[in-house]
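> Sequence first, then the predicted structure, then my questions.
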Amino acid sequence: MSTLVTNTITGLSTAANITIGSTPVVSASANSLTIRGEGSAQTSVQQGLAKVWLRADVDGSTLLDSFNMTSITDNGTGDYTPTFANDFNNELYSLTSTAQHGSSNNDDSRIMTQQNRNVTAGASRIRRTTANGSGTVGDGDYNVSIHGDLA
Amino acid sequence: MSTLVTNTITGLSTAANITIGSTPVVSASANSLTIRGEGSNQTSIQQGLCKAWIHLTGSGTPAAADSFNVASVTDTATGRYTINISTDFGNANYTCAGMSGNDGTTTGDRGQVIDLTPTAGAFALRNIDTDSTNPVDDTNILLNFHGDLA
C-alpha cells in the first residue's frame, strides 16, 4: 500500500495537465478525457455529457431549472426559442424533448417539434404541437435535453 | 517526463479532496467538477451527466430490461407508466426525453408525453400513438433523465 497525501497536484510539463495511468484526468486539451465504461470499451466523458437541459414552466418560456441556458424567447403560443449560454460548435446537435400532457383526454396529447430552419449553434426554435400533427397548440411545460459538441 | 507511482492519493487537509491543477478532481463539495469540452468552452460534469435512464419493456408486464438509478416501474394503464427513481432528484424540475417502438412491428408514429406532474422521485409517462393519440404499450420505451440530484 502506497499513499500520497497532498492537497494539490501540479503537472510538471504543463501545470494543468495530469495523466493517471493512461487517462488524462485533467488536461487543457479539448475532448481529452476518455475512460473505461461499464464493460471493456472506452468512452469519452465530454461526448457523453448533456450540454444543455431545461424544464420550462406552463407558460413555456420561464425556466424552472436548467443547465447552460440564458433564456427562452416566447415567439407566440406554443412557439419558443431556448438560447444557450455556451454555444455549440455548429447546429448539428441532438435535441430531445417531452411535453406535458394537456388533460386526461387522449386527444390532448402534446409533443415538441424542432424547426430545422431556425436551429443555430446558440439557439433552437421548437414548437409544442398536437401529437397527431394538427398544429401548434397552447403553452405548456416541457423538457429538453441536448447532446453535441461545444464550441 | 515525470511519473508518480502510487496506489492511493489522499487529501492533506481533507482526505476526500484533491485538486489537480485548478480542477477539484475529487471533492466533497457539490457540483465541483468542470472540464474543457470539445472546443474551448468549459462544461460541468455533474450537470451534464444523465442521472437516470431506462430501457423499459412496456408490453406484457412492464419491467426494466436495463436501467440506471431506477427503482421500479409501475404499470398504471395501457401505455401509461410511472418510473420510480432510486436516488431522488433535488426537486421536480428535471428533464425526461425518450423514444419508443416495437421490434419491427411498429405501426404509426410514437410520442412520449408527461402524464402527470413529476415529483422528485417519480415520473409518470404516457407513451402514445401520435396518429390515434391513444396510449399504447410498446416493447421498447427508452428514456433518459437529466437534472439536479438531491
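Received the coordinates, thanks.
> Okay, buried residues for stretch B:101-120 please.
B:101, B:110-116, B:118, B:120 (16 or more other Cβ atoms under 10 Å in any protein chain shown). The way it works is simple: take the backbone N, C-alpha and C, and place the C-beta from them, glycine included.
> mind giving me TSV with those and columns for secondary structure?
Compiled in TSV, the buried residues of stretch B:101-120 are given as follows (DSSP: H, G, I helix; E, B strand; the rest coil):
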residue	secondary structure
B:101	strand
B:110	strand
B:111	strand
B:112	strand
B:113	strand
B:114	strand
B:115	coil
B:116	coil
B:118	coil
B:120	coil
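> what's the distance between the closest residue to chain A within chain B and residue A:69?
Closest residue of chain B to chain A, Cβ to the nearest Cβ: residue B:48 (2.9 Å). Distance of residue B:48 to residue A:69, computed by Cβ to Cβ, to the nearest Å: 13 Å.
> same check, this time on residue B:47
The value you get for residue B:47 to residue A:69, if Cβ to Cβ is used, is 11 Å.
> just residue B:31 next, same as before
16 Å.
> and if you look at residue B:75?
In terms of Cβ to Cβ, residue B:75 sits 34 Å off from residue A:69.
> Same drill for the two, tell me which one is more crowded.
Taking neighbours as other Cβ atoms under 10 Å in any protein chain shown, residue B:75 and residue A:69 compare with residue A:69 leading, 19 against 15.
> where do the helices sit along chain A?
Secondary structure of chain A (DSSP state H): helices at A:45-48.
> now do chain B
Counting by DSSP H, the helices of chain B are B:45-48.
> ok, the residue lying closest to residue B:69 once chain neighbours are set aside - contacts?
Using Cβ to Cβ, 6 or more residues apart in numbering or on different chains and skipping residues adjacent in sequence, the residue nearest residue B:69 is residue B:52, 4.0 Å away. For residue B:52, the contact set (Cβ atoms under 8 Å, 6 or more residues apart in numbering or on different chains) comprises B:67-70, B:83, B:85-86, B:144-145.
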